[in-house]
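Q: sequence plus predicted model, see below.
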Amino acid sequence: MEKLPESLHFAGIGGIGMSGLAQMALAMGRKVSGSDRAYGKAENAVLFDSLLSQGAEVFPQDGSRYEKGELPGAIVYSTAVEKTNPEFQKAPSSVPLLHRSQSMELAIREQKSENNFAVAGTCGKTSVTAHLAEALKVLGADPGVLCGGLVNAFRTEKMAGNFAKGSGKYFVIEADESDKSLLNYPVDAAMVLNIGTDHYSREELCKVFGEFLRRTSRIAVIQDEAFLEMKNVLPVPVDHLEKMLFSVRNDSPACLDGIRVIKGTDYGKERSGAFTVKIDGMRTVLPSPGLYTASNACAVYTALLLLGFASKDAIEAVQDFHGVWRRFDFAGRMHCGARVYDDYAHNVEKILSCLSAAKEVADGRIIALFQPHGFAPFSFMREELFSRLEKVLSSTDVFGFLPVYYAGGSASFTPTSEEVAASYREKTCLSGRRNSYFSFADRNAARSFVRENAKEGDVILVMGARDNSLSFFARELAEF
């Protein structure tokens with residue numbers, strides 16, 4: 001298929017990635033319809049209301065779209081949609097299927113932006129995509145953005161915030177390595193934020209990101225540690241690119257393999273309560289706590305330098321960031337004084353980063369409630385998560401598992417949260433460490449636990465991906 005069809009039907013249109021792509025198709029003049037099993041749920045109203053206000057038609061996920069008038073030119077789907085789904089079962093054989101990554105490639109190619117800037121990495125892609133896009137906006141550009149989160153700076157009465165068309169000079173894309181779709185579309189500028197534990201082995205991720213850089217035409221921004229890790233696997237293909245590295249390691253050199261390293265140093269909390277870092281020698285106020293936030297700001301500043309902006313203008317733009325929905329969002333304060341935060345954290349690195357940020361604002365202990373986002377990812381991360389949690393949690397902190405969130409696409413329904421929590425407890429008993437791990441049969445059980453145990457100074461974390469109702473749950477906890 002050489003061109004995006006004139007009409008598209010999205011199976012799972014309410015997903016954060018699919019809804020952004022659907023809005024992009026609408027902005028390109030396509031007729032868009034979609035279905036979703038979560039249509040009508042209050043927690044997804046922002047996305048569905050936005051789609052409807054822009055002209056999309058939304059149906060229940062029962063195949064009823066095919067009974068209404070002219071058939072779509074293609075059905076757009078993702079790997080989260082099972083082959084037994086009614087959208088597949090009832091689809092006329094004459095309608096072609098188009099994977100999300102294929103439709104994204106066609107849309108980006110057709111858009112022909114002057115500067116496609118793709119942000120990749122295991123962690124932080126959404127936040128940095130949002131941060132870079134907003135910084136460009138502050139600098140007077142009118143950037144487009146396609147993001148895996150609702151960017152506060154781009155939310156309007158009609159737009160949910162995960163897509164904005166822009167003027168065409170800059171288009172900032174959150175590049176997905178999970179299905180390797182980041183290798184499909186043209187990229188002028190690339191960013192690799194980090195390499196962690198998600199979807200593939202670290203060695204495979206090095207190869208994927210290396211190929212991503214090889215296919216990039218002009219600019220590369222790479223974290224120094226990711227650069228070194230890729231270099232250990234294969235030569236990093238960046239000789240054809242204008243590039244800079246960035247780092248928040250105090251021992252990072254000013255230059256690595258002849259490439260300038262932009263450093264973020266002296267991260268800390270000021271007497272005023274603000275968190276700051278010195279980037280390229282300039283004191284910078286951060287939008288939220290966490291060394292990862294400092295790293296994100298450093299990455300955005302480095303990107304702006306490579307795009308030709310003056311350092312003073314770039315650092316001022318970096319400080320003017322209004323965040324992304326469900327990224328360490330303050331949900332409220334309980335009557336006992338405990339603070340509640342809502343976060344999208346769902347893999348090992350993101351969970352650990354979220355816990356570290358929480359410890360920086362907590363006067364008491366951490367009570368973390370994590371909802372795994374699928375059985376396969378949960379199985380993939382369970383062993384490393386335990387070993388990393390053991391190094392971060394204090395003897396009084398609590399890490400609780402909510403039941404696994406099932407959104408389709410899995411052939412196995414193990415491990416359960418109860419099984420993983422029990423295995424963690426067994427290991428801590430063997431080591432003599434106090435029991436810190438719980439599993440909750442449902443949210444009511446977790447809610448009761450928090451109500452009975454939270455105290456002033458504690459921080460309650462609600463973490464998990466793909467299920468927007470977690471934000472409602474976080475706010476409910478804050479009402480106790």
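A: Noted; the coordinates are in hand.

Q: the closest residue to Tyr39 other than its chain neighbours in helix, strand or coil?
A: Spatial nearest neighbour of Tyr39, chain neighbours left out: Val58 (5.7 Å); criterion: CB to CB, 6 or more residues apart in numbering. (C-beta placed from N, C-alpha, C; glycine too.) Following DSSP: H, G, I helix; E, B strand; the rest coil, Val58 is assigned to strand.

Q: quick one: contacts for Val58?
A: If a contact means CB atoms under 8 Å, 6 or more residues apart in numbering, then Val58 has 13-14, 33-36, 39, 48, 51-52 as its contacts.

Q: out of those, who's nearest Phe399?
A: Closest to Phe399 out of the contacts of Val58 is Gly14 (29.7 Å), distances taken as CB to CB.

Q: from what I can see that closest one touches Val46, true?
A: No. Counting by CB atoms under 8 Å, Val46 is not a contact partner of Gly14; they are 10.1 Å apart.

Q: distance from the chain centre to stretch 221-231, please.
A: Relative to its chain's centre, stretch 221-231 lies at 20 Å (CA atoms, centre = their mean, to the nearest Å).

Q: quick one: buried residues of it?
A: 221-224, 226-227, 229-230 (16 or more other CB atoms under 10 Å).

Q: quick one: residues in contact with the helix or strand bottoming out on mean pLDDT in the chain.
A: Every helix and strand in the chain was compared by mean pLDDT, DSSP states H and E; the lowest is helix 417-431, with a mean of 90. Applying CB under 8 Å, 6+ apart, the contact partners of helix 417-431 are 372, 378, 382, 386, 389-390, 399-404, 434-440.

Q: now do stretch 85-93
A: 9, 11, 35, 61-63, 65-66, 71, 75, 77, 81-82, 97, 408.

Q: one more time with 6 Å
A: The contact list for stretch 85-93 (CB atoms under 6 Å, 6 or more residues apart in numbering) reads 11, 35, 62-63, 66, 75.

Q: now the helices for the chain?
A: Listed in chain order, the helices of the chain (DSSP state H) span residues 16-27, 45-53, 86-89, 100-111, 125-138, 202-214, 224-233, 291-306, 311-318, 348-361, 375-392, 417-431, 443-453, 469-478.

Q: could these be laid out in a markdown table, adding distance to Tyr170?
A: Formatted as a markdown table, these follow (distance: least, CB to CB, whole Å):
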| stretch | distance to Tyr170 |
| --- | --- |
| helix 16-27 | 15 |
| helix 45-53 | 22 |
| helix 86-89 | 35 |
| helix 100-111 | 12 |
| helix 125-138 | 5 |
| helix 202-214 | 19 |
| helix 224-233 | 23 |
| helix 291-306 | 10 |
| helix 311-318 | 13 |
| helix 348-361 | 27 |
| helix 375-392 | 32 |
| helix 417-431 | 42 |
| helix 443-453 | 41 |
| helix 469-478 | 30 |
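
Q: in this structure Leu8 contacts Val76, no?
A: Yes. The pair formed by Leu8 and Val76 meets the contact definition of CB atoms under 6 Å, at 5.5 Å.

Q: what's the overlap in contacts for those two?
A: Between them, Leu8 and Val76 have no joint contacts when contacts are counted by CB under 6 Å, 6+ apart.

Q: end-to-end on stretch 159-173?
A: Using CA to CA, to the nearest Å, the end-to-end distance of stretch 159-173 comes to 17 Å.

Q: so for that stretch, what's the average pLDDT?
A: On average, the pLDDT along stretch 159-173 is 96.

Q: where in this structure is pLDDT low?
A: When residues are selected by pLDDT under 70, those of the chain lie in 197-199, 408-411, 430-434.

Q: would you mark the buried spots in stretch 105-112?
A: 105-109, 111.

Q: closest one to Ser252 out of these, please.
A: The nearest member of those to Ser252, counting by CB to CB, is Ile108 at 33.3 Å.

Q: ok, and the closest non-adjacent residue to the closest one?
A: Distances taken as CB to CB, 6+ apart put Tyr185 closest to Ile108, at 4.2 Å, once the chain neighbours are dropped.

Q: circling back: between Gly14 and Val46, who's got more neighbours?
A: Gly14 (23 against 17; other CB atoms under 10 Å).

Q: angle of the least confident helix or strand of the chain against helix 375-392?
A: Here helix 417-431 points in a direction 30 degrees away from that of helix 375-392 (axes from the mean of the first three to the mean of the last three CA atoms, to 10 degrees).

Q: from the chain's centre, how far out does helix 417-431 sit?
A: Distance of helix 417-431 from the chain centroid (CA atoms, centre = their mean) equals 29 Å.

Q: quick one: the contacts of stretch 85-93 as CSV, columns for neighbour count and distance to Gly264 too.
A: Shown next, in CSV, are those (neighbours: other CB atoms under 10 Å; distance: CB to CB, whole Å):
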residue, neighbour count, distance to Gly264
Ala11, 26, 42
Ser35, 25, 44
Asp62, 14, 51
Gly63, 17, 51
Tyr66, 17, 53
Ile75, 26, 45
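
Q: need those residues in CSV (columns: distance to Phe163).
A: Formatted as CSV, those follow (distance: CB to CB, whole Å):
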residue, distance to Phe163
Ala11, 18
Ser35, 19
Asp62, 27
Gly63, 27
Tyr66, 26
Ile75, 20
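
Q: for those residues, which one is nearest Ser412?
A: Closest to Ser412, out of all of the contacts of stretch 85-93 and judged by CB to CB, is Ala11, at 22.3 Å.

Q: the residue lying closest to the closest one once chain neighbours are set aside: neighbour count?
A: Nearest-residue entry for Ala11: Glu87, 4.0 Å, with adjacent residues in sequence omitted and distances by CB to CB, 6+ apart. If you count neighbours by other CB under 10 Å, Glu87 ends up with 26.

Q: how much space separates Glu87 from Pro60?
A: Note on Glu87: its distance to Pro60, by CB to CB, to the nearest Å, is 10 Å.

Q: just Ser436 next, same as before
A: From Ser436 over to Pro60 the distance is 42 Å, taken as CB to CB.

Q: likewise Lys269?
A: 49 Å.

Q: again with His322
A: Distance, His322 to Pro60, using CB to CB: 35 Å.

Q: pull the number of nearby residues for the residue nearest to Lys169 when sequence neighbours are not counted.
A: Nearest non-adjacent residue to Lys169, counting by CB to CB, 6+ apart: Glu114, 4.9 Å away. Other residues near Glu114 come to 10 when the count uses other CB under 10 Å.

Q: between the buried residues of stretch 221-231, which is nearest Val300?
A: Of all the buried residues of stretch 221-231, Val300 sits closest to Val221, with 8.9 Å by CB to CB.

Q: am I right that the closest one is in contact with Leu304?
A: No. Counting by CB under 6 Å, Val221 sits too far from Leu304 to count as a contact (9.7 Å).

Q: so Ala135 touches Gln319, yeah?
A: No. Using CB under 6 Å, Ala135 is not in contact with Gln319, being 9.1 Å away.

Q: look at those two and report which has more neighbours.
A: Using other CB under 10 Å, the more surrounded residue of Ala135 and Gln319 is Ala135, with 29 against 18.

Q: grab the nearest non-local neighbour of the more buried one.
A: Spatial nearest neighbour of Ala135, chain neighbours left out: Ala317 (4.0 Å); criterion: CB to CB, 6+ apart.
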